[in-house]
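Enquirer: how does the following fold in three dimensions:
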Amino acid sequence: MGDNRSNRVDSTLNALLDSFIAPRAAGEDEEAFEERAEYALERGKSTVNQGSSITASEINQAHDLIRRKLLRDNASPEKAARFGNLYSRLLSTPVLNQKWSILYLLYRLAEEEPGEHQRGPLAESAQLANLFHGEPNEKLKALKDLDDSGPEHASLPNGSDVLSNGGFSGQEYPSRARSRTQKPPVPKFNHAEPGDDQDVEAKVYTIDPPEDALLRDLPFNLQGLSSAHLNFTSSTTVKLPPTLPIPIISLLHSLAEPCLLYRGLSEFTQASNGGLVSQSLRAAIGIELRSYLSLVATLEGEIRRCLTAAEKDDTPMGVRKAGVTLKRCVIWTRDATMGLRLMTLVVEESEQKIGGQLISLIHGFSSSHGDPFVGAFAERLLTRVTRPFYDMLRRWIYDGELVDPYHEFFVSEPDPSTRPDVDPRRVETSVWEDKYSLDPSMMPSIISADFAKKIFLIGKSLNFLRHNCGDSDWVIEHSKSATKELRYGDTATLEASIDEAYKTTMTRLTRLMSHKYHLFTHFTAIKKYLLLSQGDFIALLMESLAPHLDRPAYSQYRHTLTSQLEHAIRHSNAQYDDPEVLRRLDARMVELGSGEIGWDSFTLEYKISPPCDVVITQWASMQYLKVFNLLWRIKRVEFSLSTTWRRCMTGSRGVLSSVEDRVGGDWKRARCVIAEMVHFVNQLQYYILFEVIEASWDQLQTAMNKQDSTLDDLIEAHKKYINSITHKGLLGNPRHASTGQREDSFLSQLHYILKNMLAYKDVVDGLYSYSIAEFTRRQEFSAQIEHRTAQGKWGITERDLLPSESSRASTPISGGTQPYRQSVLLSDNDSPLPLGSIGAGADKNLLVSLRARLLQLSTEFKSRINMLLYDLAHQPDVDMRFLGVVMNFNEVYKPVNVRRQKAKERERERREMERRSREVSAVAGEEGEGSGIRSAARA
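Expert: Below is the predicted model of the structure:
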């Protein structure tokens, strides 16, 4: 087994040396050539045998040596763990037999300095070829020097002549295919003086400045300080020596980067501007720079130790043998350079960022960067940078106070001087809605949008409890008992703290608004009194106020309205309500234009006091006032039509039946139209009170009774409730969706329809007064006949019949409620004075005008209804379309687009006028031409 190995080594060495040993030169005898080859073979064998003399124990411990080296050279144990994994896989591989020998060889190669055993410029193959041409003593001396000093420091004989004569280039190496008999060109050997050898050595191996000088200055350069060889001309520029070779320049370029980065970061940390988060960033970078300086101090100690050891070795390789080189310094400072580079990038990107924006910038490197080193470094920075942010967050969620002097928190308080003018009617809303606002641009990426909204609600609620609800004692106790330290990285504790604070604060605020300030009771009271849900109270109030509201608005007095309101409360179920609710209910007259009557100016008011005014705002009170005015007008029309209908039905069985021959047809048509109007009003009231208000009220109740509802949820639900009852209650859009005109909106159409109903009711009352007057005239005429008969005279004569042909009714008095009474003047004649002869023509004209007015108003009512039904049928809301269906359930109305028809008529009229104008122009032109011809003929 040993012989086979020896034979393999001999054959391998022979093949190797054949490629390196130059063939026999001209003039060289056979013995010298063989001696040269044999010496080279023996030298190779001794080298191989020396390598095999290593003990087996050292080889078997190769994996321990490698593991210790990896732990010593690397700050992180990742590479050592990775080597352990690879070593386990190597042991399981059955192909290799000498696994530990291979590991030991790799270990020894790793210990050597790169380039330490490489051939220098004088140790090329051509030089080796010439090396074995000298005398044996010279050969031994040269090989000894080559082994002792290494190829870079070797001083070979006749080296200058070899360089001057060129030697053999790489393409001129003798190959195995070349014939042994072929003689290569013989180089010339010139014997150089010793001084010449020193010049060649200095030219090849010496650098200026030397590496030990650069290493001596390196700790100062790494701190951003200039030295004799590296000068910082500016904060971003360093001047390198021009005499250095390119490899050294490349190493210095790598070492100059941390120097320049440190200078810039040091200037950044010395500044004092910026907010709290920016100052914490400076502090965090300062801590990292101190760690960097610790590394520089350690490196300086190593350099000083190595330079001290190198002073004992005068050779140029002394520093390298000591273990510290520029390349090793580059490797040692690599992680620190990456950290400095990341901090510089953060500083450059954070010039225009503050607070949450700066935290989001650093968190982006931590969460989305693929390099684990960058992620870990950014996490370490975030731990220190976010401390001011978490301090502000703690004060906000536990005390309800915003401590943000530099406006870095995502909750902001607007400056009163920069706030725009606020509508005085919305001053109360600023307490909750406008005092604090959420700034999305300052929201850090370490928290989500929903989480930030929850934090915003917690602090705003605590502040509201402290300053507006008078519950500061509870807030102080809550802060003392629930305050916890918040810091970055402890996500579980942060989420638990936020959730607990959110639940506690919202529960307290909702309970306070419900029980102490009776918010839900106020909602119910508004629905009962302003939205007319308390039917008996509204009916009694309207009945008691009717005589007063028929008068002009300027004649109404506050005490009269208040007394009637108290009367309606005491005589209805409203008397059992909470006294606090009844105290807030008030009646007043709104300011309208002159000429208005009391019905148009009367309104009910429900007073809201803080802190409930943040939910029921002034805007909400205005919307309730609009709904009440609409419902009050509808209720007034219903009350008026009901009164007229009741009078007509009562009179039809008595008074009106006596004059049926005169006005029977008129009353039949009037009752039909009144029935249509009553049907319209009833359907409209049912729709608004039940389909709109009650349905929206159920949704509001559901939102208010939700388990985790907040004050913002109540405000949003209340706004949705108001928008629903105003939009579906035909009060939403003040302009028509298609035409954009105010007079075409639903509110305007209802106004005209209700006004038309009241006008029709007044005309029907006039017709009723006319009928009563006619009935009275007939009753008086019958009494006169009886009186004459009792006197023995004719009850009626021709003289009485003649004027009765012209008129059968007397003029009714204004108001139409009292019959016209005329004293009966009797004469001694047989014929009585003709009744109704005075003003007979006026009575006849009155009936005609009443009939025309009734017809006109009924036609206009149907036209308005058709227009309204057409608009309702084309609404996107299903409830509004349903209103049109129930109003026209039997399809008695024909919904048409009256506006389009009117537009077509206007267009037709315009075209007709244009045609007529063209005809007139043509006729005028023809007449002008004819007159010209006649003038010419006369001439």
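Enquirer: would you mind measuring from K480 to L494?
Expert: Separation of K480 from L494 (C-beta to C-beta, to the nearest Å): 20 Å. The C-beta positions use only the backbone N, C-alpha and C, and glycine is treated the same way.
Enquirer: I meant F377, not that one.
Expert: Between F377 and L494 the computed distance is 22 Å (C-beta to C-beta).
Enquirer: again, but for D371
Expert: 27 Å.
Enquirer: who has more neighbours, those two?
Expert: Between D371 and L494, L494 has the larger neighbour count (other C-beta atoms under 10 Å), namely 19 against 12.
Enquirer: pretty sure that one is touching L486, no?
Expert: Yes. Taking C-beta atoms under 8 Å as the definition, L494 is a contact partner of L486 at 5.8 Å.
Enquirer: ranking helices and strands of the chain by mean pLDDT, which lands last?
Expert: Lowest mean confidence among the helices and strands of the chain (mean pLDDT, DSSP states H and E): helix 159-165, at a mean of 30.
Enquirer: just the terminal-to-terminal distance for stretch 601-612.
Expert: 27 Å (C-alpha to C-alpha, to the nearest Å).
Enquirer: please begin residue numbering at 728 from this point
Expert: Let's use 728 as the start, then, which means that last one is stretch 1328-1339.
Enquirer: which parts of it are buried?
Expert: Across stretch 1328-1339, burial judged by 16 or more other C-beta atoms under 10 Å covers 1328-1333, 1335, 1338-1339.
Enquirer: same check on stretch 1232-1247?
Expert: Within stretch 1232-1247, the residues that count as buried by 16+ other C-beta under 10 Å are 1232-1233, 1235-1237, 1239-1240, 1244-1247.
Enquirer: contacts for it?
Expert: For stretch 1232-1247, the surrounding residues in contact (C-beta atoms under 8 Å, 6 or more residues apart in numbering) are 1184-1185, 1188-1189, 1191-1192, 1196, 1198, 1201, 1205, 1305, 1307, 1338-1339, 1342-1343, 1431, 1435-1438, 1441.
Enquirer: please apply the same query to stretch 1270-1286.
Expert: Here stretch 1270-1286 makes contact (C-beta under 8 Å, 6+ apart) with 1287-1288, 1291, 1294-1295, 1315-1316, 1319, 1321-1329, 1366.
Enquirer: same check, this time on stretch 1588-1607
Expert: Here stretch 1588-1607 has contacts from 1400, 1403-1404, 1407, 1414, 1418-1419, 1422, 1454-1455, 1457, 1463, 1473, 1476-1477, 1479-1480, 1483-1484, 1487, 1608, 1610-1611, 1614-1615, 1620-1626, using C-beta under 8 Å, 6+ apart.
Enquirer: if we can go back for a sec, from the contacts of stretch 1270-1286, which ones fall inside strands?
Expert: Among these, DSSP state E puts 1315-1316, 1329 in strands.
Enquirer: which residues of the stretch 1328-1477 of the chain score low on pLDDT?
Expert: Applying pLDDT under 70 to the stretch 1328-1477 of the chain flags residues 1459-1471.
Enquirer: for L1312, what are phi and psi?
Expert: L1312 adopts backbone torsions of phi -80, psi 130, taken as degrees, to the nearest 10.
Enquirer: stretch 810-826 spans what distance, first to last residue?
Expert: Using C-alpha to C-alpha, the end-to-end distance of stretch 810-826 comes to 14 Å.
Enquirer: buried ones in that stretch, by neighbour count?
Expert: For stretch 810-826, the neighbour count (16+ other C-beta under 10 Å) marks 810, 826 as buried.
Enquirer: that stretch: how far from the chain's middle?
Expert: On the basis of C-alpha atoms, centre = their mean, to the nearest Å, stretch 810-826 sits 57 Å off its chain's mean C-alpha point.
Enquirer: ditto for stretch 813-832
Expert: 60 Å.
Enquirer: and for stretch 1327-1342?
Expert: The answer for stretch 1327-1342 is 34 Å, by C-alpha atoms, centre = their mean.
Enquirer: endpoint to endpoint, it covers what distance?
Expert: In terms of C-alpha to C-alpha, the two terminal residues of stretch 1327-1342 are separated by 29 Å.
Enquirer: helix or strand: which one has Q1602?
Expert: According to DSSP states H and E, Q1602 maps onto no helix or strand at all.
Enquirer: tell me which two in the buried residues of stretch 1328-1339 are the farthest apart.
Expert: Using C-beta to C-beta, the buried residues of stretch 1328-1339 reach their maximum pairwise distance at S1328 and P1338, which is 31.7 Å.
Enquirer: so who does G1216 touch?
Expert: Under the contact definition (C-beta under 8 Å, 6+ apart), the residues listed for G1216 are 1106, 1109-1110.
Enquirer: in strands only, show me the residues you listed.
Expert: Per DSSP E, the contacts of G1216 never map to strands.
Enquirer: still on that earlier bit, need the buried residues of stretch 1328-1339 in JSON lines with distance to T1371, can you?
Expert: Formatted as JSON lines, those follow (distance: C-beta to C-beta, whole Å):
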{"residue": "S1328", "distance to T1371": "23"}
{"residue": "F1329", "distance to T1371": "21"}
{"residue": "T1330", "distance to T1371": "25"}
{"residue": "L1331", "distance to T1371": "25"}
{"residue": "E1332", "distance to T1371": "30"}
{"residue": "Y1333", "distance to T1371": "32"}
{"residue": "I1335", "distance to T1371": "38"}
{"residue": "P1338", "distance to T1371": "48"}
{"residue": "C1339", "distance to T1371": "42"}
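Enquirer: ok, those vs V1023, which is closest?
Expert: Taking the buried residues of stretch 1328-1339 together and measuring to V1023 by C-beta to C-beta, the closest member is P1338, at 61.9 Å.
Enquirer: for that closest one, which non-adjacent residue is closest in space?
Expert: Using C-beta to C-beta, 6 or more residues apart in numbering and skipping residues adjacent in sequence, the residue nearest P1338 is N1195, 4.7 Å away.
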